[in-house]
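S.K.: got a predicted structure here, sequence first:
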Amino acid sequence: MRVAIIGAGLSGLTAAWEIHYQHPGVEIEIFEAADRIGGKLYTVPFTAGPTDMGAEAYLAIRVDATQFFTQLGLRDELVKPSGLPSLLYFNDAVHEMPRNTVMGIPASGSTVAKLVDIHTQARIDDEADQPGIAWVAGVTEMSLGGLVRARYGDQIVDRLVSVFQGGVFSCISDDLGIRATIPQLAQTFDDMASSGEKVTLSGAVNRILERQKADHTKHAKNYRPQVFGAFRQGYQQLYETLAEQSEATIHIDAFISGVAKKSQGFVLKGAGSGFYDRILFATPAPTTAMLVKDIMPAAEAPLKAVKLASSVVVGMKFASDEGLPDNSGILVATNEPGVKAKAFTFSSKKWPHIGARGGALVRASFGRFGDDEITRWEEDALVDQALDDLRTITGFDGRAAGLDEIYVQRWFGGLPVYSPTHLATVAEIEAVVADTEDVEIAGSFMRGVGVPAVIADARAAAHRLLK
Ligand SMILES: Cc1cc2nc3c(=O)[nH]c(=O)nc-3n(C[C@H](O)[C@H](O)[C@H](O)COP(=O)(O)OP(=O)(O)OC[C@H]3O[C@@H](n4cnc5c(N)ncnc54)[C@H](O)[C@@H]3O)c2cc1C
């Protein structure tokens, strides 16, 4: 049997690995438009050591991911973060991150007393007395930012929720769906609605926090779960291992422009030869829409409906880290005047293995959905902006600290937008795929953008394709 996989990002490579693992006799060919594999995983060889310019961490509390990396033989290559806290920046000052929130959403005014005005604190405390949220269990989906704005006001959204979720999804939270991005909150609303309780935001957040506290007390006294992990030599370790162990033939610089179905199998336009028995699309949604239009026309419209967010990462290596705050990074509130960066990761503080290289490594991130003009700026202007913002926010003068090395990575359409209509769109895509023989679709727009979610989705798609 011959299988073609389009796209050699994490989804395509993981699917190839899974197919080979389950069915070693299957002949797999992967077609990748770029001149390298990995997609949004991209490790760049800085002089001081390999450095990720796309994804840089994974959610280590997802044990399935750690188990998978162990299965790949990479267990000893996984590293832990320092645990230094991150900071928030707004109103010309840095602030500590609040504890006891659900993705920045508090249950009480006192939790965020240092971050918002007293009017907002009172709104949070009085929210449970307001009429309940119109929520139908298992059905309702709505804008995350829209709901929090309506219940708590703008400050919580712009200073916290958009900042937390914005980092993950490259969007302000108004553009994100609750069910799509904080499923545990949606589930709690579902539980409240189905038991006939009044549905309130503070009530739901409180319930989630209580549950987390109860889970925590089940463990030993000083138990601190490891939330994030990374690879010692960067994500290249993962994508190169997947490519090698999958034993697939990988064609790079192989842009596929269409797929046709003949009686003998699938034929690719642009690269490849002969017929393929099965095909797996692991390309971003708009590209997949173009590729499937002849073989799965009903999937074209929902795939096209998935919007993408663009961003740019500026990686900077400084000779000295004197004056850089002892923190893992800083998240910037939306619409903060005079500052364009949305976040800084102090990689050399966040990751001890990077800190051990000496000097400082800082990643600045810019751009989000609907506000991405900066992703097209000239490289020099981007680096200047990164240095200026870093100095404004932290006082650290990167020019004086000795800027040894720079890498600018633009991610046009880097992340799918998990909008309030996203889950319905994905359900439509899945229904068409389920009705089509010998074809599967995987990718970060299907079942979560994080590395563990992408891996789980791709493995499941590979299973379905070969069942
Ligand atoms: C800046 C940034 C930071 C991130 N940080 C994190 C993080 O810290 N932790 C985390 O868990 N996740 C993070 N993510 C998310 C994660 O990296 C992605 O969700 C994941 O890597 C996506 O993998 P994928 O294979 O689905 O898609 P992609 O990586 O986009 O792969 C798709 C591949 O298809 C190829 N392709 C496209 N069109 C064609 C065509 N016509 N023919 C052939 N090939 C084609 C592309 O070149 C690409 O290689 C981040 C994402 C970005 C953009």
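M.R.: In hand now; what should we look at?
S.K.: is the ligand within reach of the helix or strand of the chain with the lowest mean pLDDT?
M.R.: The weakest-scoring helix or strand in the chain, judged by mean pLDDT, DSSP states H and E, is helix 162-169 (a mean of 88). No - Helix 162-169 stays clear of the ligand (C-beta under 6 Å from any ligand atom), getting no nearer than 7.7 Å. In this view, the C-beta of every residue, glycine as well, is placed from N, C-alpha and C.
S.K.: tell me what the helix or strand just after that helix is packed against?
M.R.: On the C-terminal side of helix 162-169, the closest following helix or strand by DSSP states H and E is helix 178-181. Applying 3 or more C-beta pairs under 8 Å, 6 or more residues apart in numbering; DSSP states H and E, we find helix 178-181 packed against helix 144-152, helix 162-169, helix 183-194, helix 422-434.
S.K.: mean pLDDT lowest for which of those helices?
M.R.: Mean pLDDT per stretch puts helix 162-169 lowest among these, at a mean of 88.
S.K.: just the buried residues of that one, please?
M.R.: Residues of helix 162-169 classed as buried under the neighbour-count rule (16 or more other C-beta atoms under 10 Å) are 162-167, 169.
S.K.: one step back: return the angle between stretch directions for the least confident helix or strand of the chain and helix 144-152.
M.R.: 170 degrees (axes from the mean of the first three to the mean of the last three C-alpha atoms, to 10 degrees).
S.K.: how about the helices in the stretch 251-400 of the chain?
M.R.: 285-292, 297-305, 347-350, 352-355, 379-394 (DSSP state H, counting those that start in this stretch).
S.K.: for this structure, give me the ranges with low pLDDT.
M.R.: 220-224 (pLDDT under 70).
S.K.: distance from the longest strand seen in it to the middle of the chain?
M.R.: Counting by DSSP state E, the longest strand found in the chain is strand 403-416. Put simply, strand 403-416 sits 15 Å off its chain's centre (C-alpha atoms, centre = their mean, to the nearest Å).
S.K.: list the helices and strands that strand packs on?
M.R.: Packed next to strand 403-416, using 3+ C-beta pairs under 8 Å, 6+ apart, are strand 43-46, strand 308-318, helix 379-394.
S.K.: hmm, 6 Å instead?
M.R.: Counting contacts by 3 or more C-beta pairs under 6 Å, 6 or more residues apart in numbering; DSSP states H and E, strand 403-416 is packed against strand 308-318, helix 379-394.
S.K.: which residues of the protein lie near the ligand?
M.R.: 6-12, 31-34, 39-41, 54-58, 255-256, 282-284, 287, 311, 313, 411, 414-415, 443-444, 449-451, 454.
S.K.: and the buried ones among those residues, selectable in PyMOL?
M.R.: Those of the residues of the chain next to the ligand that count as buried under 16+ other C-beta under 10 Å are selected in PyMOL with:
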select buried, resi 6+7+8+9+10+11+12+31+32+33+39+40+41+54+55+56+57+58+256+282+283+284+287+311+313+411+414+415+443+444+449+450+451+454
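S.K.: tell me which of the residues of the chain next to the ligand fall in strands.
M.R.: Reading strands off those with DSSP E, I get 6, 31, 58, 311, 313, 411, 414-415.
S.K.: could you export those as JSON lines, including distance to residue 194?
M.R.: Below are those laid out as JSON lines (distance: C-beta to C-beta, whole Å):
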{"residue": "6", "distance to residue 194": "41"}
{"residue": "31", "distance to residue 194": "46"}
{"residue": "58", "distance to residue 194": "33"}
{"residue": "311", "distance to residue 194": "38"}
{"residue": "313", "distance to residue 194": "43"}
{"residue": "411", "distance to residue 194": "40"}
{"residue": "414", "distance to residue 194": "37"}
{"residue": "415", "distance to residue 194": "32"}
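S.K.: which elements pack onto whichever strand or helix holds residue 16?
M.R.: Using DSSP H and E, residue 16 falls within helix 10-22. Using 3+ C-beta pairs under 6 Å, 6+ apart, the elements in contact with helix 10-22 are strand 2-6, strand 27-31, helix 236-246, helix 451-466.
S.K.: so how far is it from its chain's centroid?
M.R.: Per C-alpha atoms, centre = their mean, the centroid offset for helix 10-22 relative to its chain is 20 Å.
S.K.: what's the most buried one of the helices and strands packed on strand 403-416?
M.R.: Of these, the one with the most neighbours on average (mean count of other C-beta atoms under 10 Å) is strand 308-318, at a mean of 23.
S.K.: now do that strand against helix 379-394, angle only.
M.R.: Going by the same axes, to 10 degrees, strand 308-318 makes 80 degrees with helix 379-394.
S.K.: so what strands line up beside strand 308-318?
M.R.: Strand 308-318 sits in its sheet next to strand 360-366 (antiparallel), strand 403-416 (antiparallel), going by DSSP bridges.
S.K.: single out the most deeply packed of these.
M.R.: Most buried among the strands paired with strand 308-318, counting by mean count of other C-beta under 10 Å: strand 360-366, with a mean of 25.
S.K.: who touches residue 185 in this structure?
M.R.: When contacts are counted by C-beta atoms under 6 Å, 6 or more residues apart in numbering, residue 185 touches 178, 204.
S.K.: one more: the one 4 residues further on?
M.R.: Taking C-beta under 6 Å, 6+ apart, we find residue 189 in contact with 135, 199, 204.
S.K.: likewise for residue 289?
M.R.: Under the criterion of C-beta under 6 Å, 6+ apart, the neighbours of residue 289 are 300, 303-304.
S.K.: and residue 318, by the same measure?
M.R.: 359-360, 398, 401-403.
S.K.: next: residue 382.
M.R.: 314, 408.
S.K.: once you drop chain neighbours, what's closest to residue 340?
M.R.: Excluding the flanking residues, the one nearest residue 340 by C-beta to C-beta, 6 or more residues apart in numbering is residue 385, at 5.4 Å.
S.K.: any idea how the chain splits into domains?
M.R.: According to automatic domain parsing, the chain comprises the domains 2-39+235-307+418-466, 98-217, 308-416.
S.K.: between the ones you listed, which one is closest to residue 65.
M.R.: domain 2-39+235-307+418-466 (3.6 Å; C-beta to C-beta).
S.K.: just the terminal-to-terminal distance for that closest one.
M.R.: 11 Å (C-alpha to C-alpha, to the nearest Å).
S.K.: off-centre distance for it?
M.R.: Centre-to-centre, domain 2-39+235-307+418-466 and its host chain are 19 Å apart (C-alpha atoms, centre = their mean).
S.K.: over to stretch 37-53?
M.R.: On C-alpha atoms, centre = their mean, the centre of stretch 37-53 falls 17 Å from that of its chain.
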